[in-house]
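Peer 1: Need a 3D model of the following:
(2 chains)
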There are 2 protein chains.
Amino acid sequence: MIDVFDDTYFMRKALQEAEEAFERNEIPVGAVVVIDNRIIARAHNLTETLNDVTAHAEMQAITAAANFLGGKYLKGCTLYVTLEPCQMCAGALYWSQIDRIVYGAKDEHRGCGVMGTKLHPKTKMQGGVLQEEAADLMKRFFIQKRNLN
Amino acid sequence: MIDVFDDTYFMRKALQEAEEAFERNEIPVGAVVVIDNRIIARAHNLTETLNDVTAHAEMQAITAAANFLGGKYLKGCTLYVTLEPCQMCAGALYWSQIDRIVYGAKDEHRGCGVMGTKLHPKTKMQGGVLQEEAADLMKRFFIQKRNLN
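Peer 2: Purely as a prediction, here's the structure:
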């Protein structure tokens, strides 16, 4: 039997969120939080719209998921995000004790990997899911930005 | 002439916020953001009240200060916080490009120092201002918690 609810399925949902960010002229990063194959939070980057550096997709998704669950720990949850989390978001995920983080494209400059951010011992992380699509969306965004300025 | 608006003055304001957190049964951490000797944001930890791991004092203070300034970068600002920022908060402060971070007590276990979180090159950090008061408040909080459970 084919499992339709695999990492690619949920990353596509995160990519849809990233596309919404793109349309709002935001750096296109999207995220969803999943528990038992059910999406309980969707968010995209809103740092420009809200004038707030803390408004990354992951931060909003963590808050929304905790709100849905009625508790602050994201036990049993997986976060799908199109770009590798930064220090802030990985730090927030540390506190959430989330089970799993799946990201698309690697952030070689500001990602938690290169920055050395610590994850919670309970948390597993995996990258590279639909990375080409995520990276391509970012590239298109910055090319468009350059052409407009 | 004595400068009444020194680091101790503003840290006392952050401590007042921490005391408010204590009264709400929150881990007592408080923060203020200051520009030109003027407090533009005050906040205290609300993680339990909001059921949200992202609701640290610093995160709320960053959002409130950006809101006040009408821009997401905290240029010319100093954040006073009673406890050394964690990875998440230091990561958010990185994005804010804040001028200066002043903290009270060191967090030997989860502070950005021991965790190795990177600050923005524009940001200076200093600890130890009214550290005994901040640490004492934390100690009293956890003793009370232990006695109640």
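
Peer 1: Residues of chain A that sit close to chain B?
Peer 2: Proximity of chain A to chain B (Cβ under 8 Å from any Cβ of the partner chain) is limited to residues A:47-48, A:51-54, A:59, A:62-63, A:66-67, A:70-73, A:86-92, A:94-96, A:115-118. Quick note: C-beta positions are derived from backbone N, CA and C, even for glycine.

Peer 1: So which of those are in helices?
Peer 2: Using DSSP state H, A:59, A:62-63, A:66-67, A:87-92, A:94-96, A:115 are the members of the residues of chain A next to chain B that sit in helices.

Peer 1: Could you point out which of these is nearest to residue B:123?
Peer 2: For these, the minimum distance to residue B:123 (Cβ to Cβ) is 12.9 Å, reached by residue A:87.

Peer 1: Which parts of the host helix or strand of residue A:14 count as buried, going by neighbours?
Peer 2: Per DSSP states H and E: residue A:14 is located in helix A:7-23. Judged by neighbour count (16 or more other Cβ atoms under 10 Å in any protein chain shown), helix A:7-23 contains these buried residues: A:7, A:10-11, A:13-15, A:17-22.

Peer 1: and what of stretch A:48-56?
Peer 2: Those would be A:50-56, for stretch A:48-56 by 16+ other Cβ under 10 Å.

Peer 1: Output those in JSON lines; the columns should cover pLDDT and distance to residue A:106.
Peer 2: Output for those, formatted as JSON lines (pLDDT from 0 to 100; distance: Cβ to Cβ, whole Å):
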{"residue": "A:50", "pLDDT": "97", "distance to residue A:106": "26"}
{"residue": "A:51", "pLDDT": "96", "distance to residue A:106": "28"}
{"residue": "A:52", "pLDDT": "98", "distance to residue A:106": "25"}
{"residue": "A:53", "pLDDT": "98", "distance to residue A:106": "21"}
{"residue": "A:54", "pLDDT": "98", "distance to residue A:106": "22"}
{"residue": "A:55", "pLDDT": "98", "distance to residue A:106": "22"}
{"residue": "A:56", "pLDDT": "98", "distance to residue A:106": "16"}
